[in-house]
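>>> Sequence and predicted structure are below.
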Number of protein chains: 2
Amino acid sequence: MKRERLSISERGINMPSSAMRKLVPYAEEAQARGMTVIPLNIGQPDIETPPVFWEAVREFPERVLAYGPSAGRQECREGVVAYYSHLDIDLKPEHLIITTAGSEAVLFALLAVGDPGDEIIVPEPFYSNYASMIQMAGMKLVPFTTYAQHGYHLPEREVIERLVTERTRAILYASPGNPTGVVYTREEIAMLGDIARSHGLFVMADEVYREFSYDGQIAASLLHTPGLEEHAIVLDSVSKRYSACGARVGCLITRNEALMAAIMKMAMSRLSAPVLEQAGIAACLHLPPDNFTPIRETYTRRRDLVFERLNQMEGVFCPKPAGAFYVMPTLEGIETEPFARWLLTDFEQGGETVLVAPGAGFYWTPGLGRDKIRIAYVLNTDRLARAMDLLEVAIHRYREEEGS
Amino acid sequence: MKRERLSISERGINMPSSAMRKLVPYAEEAQARGMTVIPLNIGQPDIETPPVFWEAVREFPERVLAYGPSAGRQECREGVVAYYSHLDIDLKPEHLIITTAGSEAVLFALLAVGDPGDEIIVPEPFYSNYASMIQMAGMKLVPFTTYAQHGYHLPEREVIERLVTERTRAILYASPGNPTGVVYTREEIAMLGDIARSHGLFVMADEVYREFSYDGQIAASLLHTPGLEEHAIVLDSVSKRYSACGARVGCLITRNEALMAAIMKMAMSRLSAPVLEQAGIAACLHLPPDNFTPIRETYTRRRDLVFERLNQMEGVFCPKPAGAFYVMPTLEGIETEPFARWLLTDFEQGGETVLVAPGAGFYWTPGLGRDKIRIAYVLNTDRLARAMDLLEVAIHRYREEEGS
């Protein structure tokens, strides 16, 4: 039984590195040289966390910060129910558990629907951490591609359906979508639901960006689709919605009782989600729905600015994002991974540069996304305008240097 | 490809229910009838969270509660380094990451050392959530039994070594131990280390209860054992140590760089641990080591009371726990699962009863632990004395009713 040497797990070795964070060391070096690096790489909104959050935290009445219930603090579960009632979605507290951010909701859902070797169908480009979590769960990501020229909307039903095998357990998608900003229509979601019903699959909808949808359009929820009571799993981040990303409070919603029972056992195994921050988020959940109106207006202006500026650049194209706070432009003829590094190592204008996420990390199919970047428009319009100036100059200069 | 019906995962179905929490519904019913239920089932200390925690939280300077670094806030990582320096353990911040409680440290370690089907050797009885997490990881728990008559100390090396197969990846243990309170000697830990070196295994030490060790004995750390730099993984809960269980701040320590790189990718996939609560815990980590002295004295009194009272009861036996805040007595001739339920449904004295955790949930080998219970002595001595009175009467009455 003697083994030559210690080795770590295959899944540990094969875990993809975070596309958003792998350039951070280069950015830190640039900053160490005195450069200002405008961060367009990560979806950290600059909107202030609501005062009610801080008040609830400061006034937390207990002197022992004890474990919370594994399913979440009652005030928090009831807050989620109240929030969803404004969306005409009728839930009971037992249909949901509070998770440690949306990330844990994704992981629990994966572990509950599938075993090692089972398959999850995911439209690409996708939130790159799905790939990490599917890997951690010992499962397989099976992608189908969505295209910029179709606004990253879903392909024909047949394209998705022919990927279904005996090992397929679920379709996992995000709408409003990260990294593209696509918002699926009710018809698109109904089609996914119909595929799920036909083949005995779950549908896992990441609706973290629900409130970030623009142009008067309201992002449809999987929970609005009838006939999916047993199939639907909604993954939600509550803290992100209220610009309290560091609070790590999310939720998982399903009306499937057997599934919820399995997920509850997982929740019990980690005892509870962060308690103090649940108290803060519970206060936020009772904010009126028009809390999001000015935020939506702010993001609409940012989206418009970035969308227009990008499409004015030579050889740059992106469809208009309808939601979330990301946009995924194609930079024709540019390998974006070396380009993003070059921005940090060799480019500057007036002591400034930008940090962007290369596109390939959001795709599973080898070779795709290499001419794309993801931009998070979570800065004020002045900074975004400056970032677009820098990007335009940089693209021009990079093409010249590459061509020379 | 048509599947008859939706089914959840095997691992979801096979997840063990939490031994600590499965009696809670009965306790709630008893409380609804007006009964006072003294909770001896869960390790939630009653010690107040240090004032510096609440101050740091109230004075948190940022107005946007943003994501933290995936490896943890720098102040928190440095706080852990400072804490360990008092134990003569020399760490650098890059040897550790801050996790969402000890639970996440256990899960990340499992996922990084093994793939689905791989085996983890665990002494039983064990913290029952290890079984849940090994199941979630798709791996196999391989137990060896420790016995009350040996004070739950380790068996001979051969007993452990003969369990090693080609699929074995690690030995996982807790010292001070939950549920027995055993504290392994340096020699015992060195033996586990030696087995690990001989067979190319990792050793995962859960040292959450390190500061809770009594009688002047200092619990040895795996990190005190030389020659294990590549093999040692320490799993730690920082929030539990400072009686802030709800804060969900733990850490994972390893000097194995390849392993840490894999774990960092997992940490990145969930973005960050709770940020506000890390700020609170960072303040606690700079408390002087004598912060634990009065707490240790308090627990020593509680341990003494419970240990003495239990051994005075007829047909009850337990070894003296040297650490943690649990004791696992044997109740001779009593099936403890129905007994624990009976305590809530059929027993009372003066309107009071007790909630205890049945022993079988802490064992993997079928049939073991059925005559044992776990008691957490996390209440003041008056309440503990009353709980012991109730338990003594209850055991006597239960034996009479069963015998009749």
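Cool, got the structure. Residues are numbered from 1 along each chain as shown, chains lettered A, B, ... in the order given.

>>> What lies in contact with stretch A:34-45?
Stretch A:34-45 has contacts (Cβ atoms under 8 Å, 6 or more residues apart in numbering or on different chains) with A:20-21, A:23, A:27, A:30-31, A:178, A:240, A:243, A:245, A:324-326, A:344, A:348, A:351-357, A:374-379, A:383, A:386-387, A:390, B:64, B:66-67. Using the backbone N, CA and C atoms, a C-beta is placed for each residue, glycine as well.

>>> Just the buried ones from these?
Buried members of these, scored by 16 or more other Cβ atoms under 10 Å in any protein chain shown, are A:20-21, A:23, A:27, A:30, A:178, A:240, A:243, A:245, A:324-326, A:344, A:348, A:352-357, A:374-379, A:383, A:386-387, A:390, B:66-67.

>>> mind listing what residue A:195 touches?
A:157, A:160, A:161, A:164, A:171, A:201 are the contacts of residue A:195 under Cβ under 8 Å, 6+ apart.

>>> Ignoring the adjacent residues along the chain, who's closest to the first one?
What that stands for is residue A:157. Spatial nearest neighbour of residue A:157, chain neighbours left out: residue A:191 (5.6 Å); criterion: Cβ to Cβ, 6 or more residues apart in numbering or on different chains.

>>> Specify the local secondary structure of the one you found.
Under the three-state scheme (DSSP: H, G, I helix; E, B strand; the rest coil), residue A:191 adopts helix.

>>> Over to residue A:378?
Secondary structure state of residue A:378, per three-state DSSP, is coil.

>>> is it true that it touches residue A:325?
Yes - using Cβ atoms under 8 Å, residue A:378 makes contact with residue A:325 at a distance of 5.5 Å.

>>> Next up, the contacts around residue A:248.
Residue A:248 neighbours (Cβ under 8 Å, 6+ apart): A:100, A:101, A:239, A:273, A:274, A:277, B:100, B:272, B:273, B:274, B:275.

>>> need the contact list for the second one.
For residue A:101, the contact set (Cβ under 8 Å, 6+ apart) comprises A:237, A:239, A:240, A:248, A:249, A:250, B:270, B:271.

>>> give me phi/psi at the first one?
As for residue A:237, its main-chain torsions (degrees, to the nearest 10) stand at phi -110, psi 120.

>>> For beta bridges, what are the partners of it?
Beta-bridge pairing for residue A:237 (DSSP bridges): residue A:250.

>>> Make sure it is actually in contact with residue A:211.
No - using Cβ under 8 Å as the test, residue A:237 is too far from residue A:211 to be in contact (10.9 Å).

>>> who's more crowded, the two?
residue A:237 (27 against 22; other Cβ atoms under 10 Å in any protein chain shown).

>>> Now for the more buried one: which residues touch it?
Shown in contact with residue A:237 (Cβ under 8 Å, 6+ apart): A:101, A:102, A:105, A:208, A:249, A:250.

>>> Relative to residue B:94, how far out is it?
Going from residue A:237 to residue B:94 by Cβ to Cβ, to the nearest Å gives 29 Å.

>>> Residue A:307 should be in a helix, yeah?
Yes - under three-state DSSP, residue A:307 sits within a helix.

>>> Residue A:145 contacts residue A:126, doesn't it?
No - counting by Cβ under 8 Å, no contact exists between residue A:145 and residue A:126, whose distance comes to 10.5 Å.

>>> Spit out the contact partners of the residue nearest to residue A:362 when sequence neighbours are not counted.
The shortest distance from residue A:362 to any non-neighbouring residue, by Cβ to Cβ, 6+ apart, is to residue A:125 (3.6 Å). By Cβ under 8 Å, 6+ apart, the contact list for residue A:125 reads A:146, A:152, A:179, A:180, A:328, A:359, A:362, A:363, A:368, A:369, A:372.

>>> mind redoing it with 10 Å?
A:19, A:143, A:145-146, A:148, A:152, A:177-180, A:182, A:326, A:328, A:359-365, A:368-369, A:372, A:374 (Cβ atoms under 10 Å, 6 or more residues apart in numbering or on different chains).

>>> any idea of the pLDDT on it?
On pLDDT, residue A:125 comes in at 98.

>>> next one: residue A:18
Per-residue confidence at residue A:18 stands at 66 (pLDDT).

>>> for residue A:250, same thing?
With respect to pLDDT, residue A:250 scores 97.

>>> Next: residue A:218.
With respect to pLDDT, residue A:218 scores 81.

>>> Equivalent analysis for the one 5 residues further on, please.
What the model reports for residue A:223 is a pLDDT of 97.

>>> Which secondary structure state is assigned to the residue nearest to it when sequence neighbours are not counted?
Once flanking residues are discounted, residue A:223 sits nearest to residue A:89: 4.7 Å by Cβ to Cβ, 6+ apart. Secondary structure, three-state DSSP: residue A:89 is coil.

>>> Which parts of chain A are helices?
With helices called from DSSP state H, chain A shows them at A:10-14, A:24-32, A:51-58, A:74-85, A:101-113, A:129-136, A:157-161, A:186-199, A:238-241, A:257-269, A:275-285, A:292-312, A:336-345, A:381-403.

>>> need those in TSV with mean pLDDT, can you?
Compiled in TSV, the helices of chain A are given as follows (pLDDT from 0 to 100):
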stretch	mean pLDDT
helix A:10-14	93
helix A:24-32	92
helix A:51-58	96
helix A:74-85	96
helix A:101-113	97
helix A:129-136	95
helix A:157-161	98
helix A:186-199	97
helix A:238-241	89
helix A:257-269	95
helix A:275-285	96
helix A:292-312	96
helix A:336-345	96
helix A:381-403	95
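
>>> As a markdown table, those helices with distance to residue B:75 would be great.
As requested, the helices of chain A are arranged in a markdown table below (distance: least, Cβ to Cβ, whole Å):
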| stretch | distance to residue B:75 |
| --- | --- |
| helix A:10-14 | 28 |
| helix A:24-32 | 18 |
| helix A:51-58 | 18 |
| helix A:74-85 | 27 |
| helix A:101-113 | 21 |
| helix A:129-136 | 25 |
| helix A:157-161 | 47 |
| helix A:186-199 | 44 |
| helix A:238-241 | 21 |
| helix A:257-269 | 29 |
| helix A:275-285 | 17 |
| helix A:292-312 | 30 |
| helix A:336-345 | 26 |
| helix A:381-403 | 27 |
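
>>> my guess is residue A:244 meets residue A:49, correct?
Yes - between residue A:244 and residue A:49 there is a contact at 4.6 Å, judged by Cβ atoms under 10 Å.

>>> thinking again about what came up before, quick one: common contacting residues for residue A:378 and residue A:325?
With Cβ under 10 Å, 6+ apart as the test, residue A:378 and residue A:325 both reach A:43, A:44, A:45, A:299, A:302.

>>> export the residues you listed to a markdown table and tack on neighbour count?
Shown next, in a markdown table, are these (neighbours: other Cβ atoms under 10 Å in any protein chain shown):
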| residue | neighbour count |
| --- | --- |
| A:43 | 23 |
| A:44 | 19 |
| A:45 | 23 |
| A:299 | 23 |
| A:302 | 22 |
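
>>> Please identify which of those residues is nearest to chain B.
Closest to chain B out of the shared contacts of residue A:378 and residue A:325 is residue A:44 (5.2 Å), distances taken as Cβ to the nearest Cβ.

>>> ok, now which ones touch residue A:71?
Counting by Cβ under 10 Å, 6+ apart, residue A:71 makes contact with A:77, A:93-94, A:96-99, A:251, A:260, A:263-264, A:267-268, A:272-273.

>>> go on, residue A:53?
Contacts of residue A:53 were listed using Cβ under 10 Å, 6+ apart, and they are A:239, A:242-244, A:247, A:277, A:279-284, A:287, B:65, B:276.

>>> Against chain B, how distant is residue A:366?
Applying Cβ to the nearest Cβ, to the nearest Å, the value for residue A:366 to chain B is 19 Å.

>>> For residue A:137, list the residues it contacts.
Residues near residue A:137 by Cβ under 10 Å, 6+ apart: A:11, A:106-116, A:118, A:120, B:9, B:11, B:111, B:116, B:136-138.

>>> likewise residue A:249?
Taking Cβ under 10 Å, 6+ apart as the test, what residue A:249 contacts is A:72-73, A:76, A:80, A:98-102, A:104, A:236-242, A:273-274, A:277-282, A:284-285, B:274.
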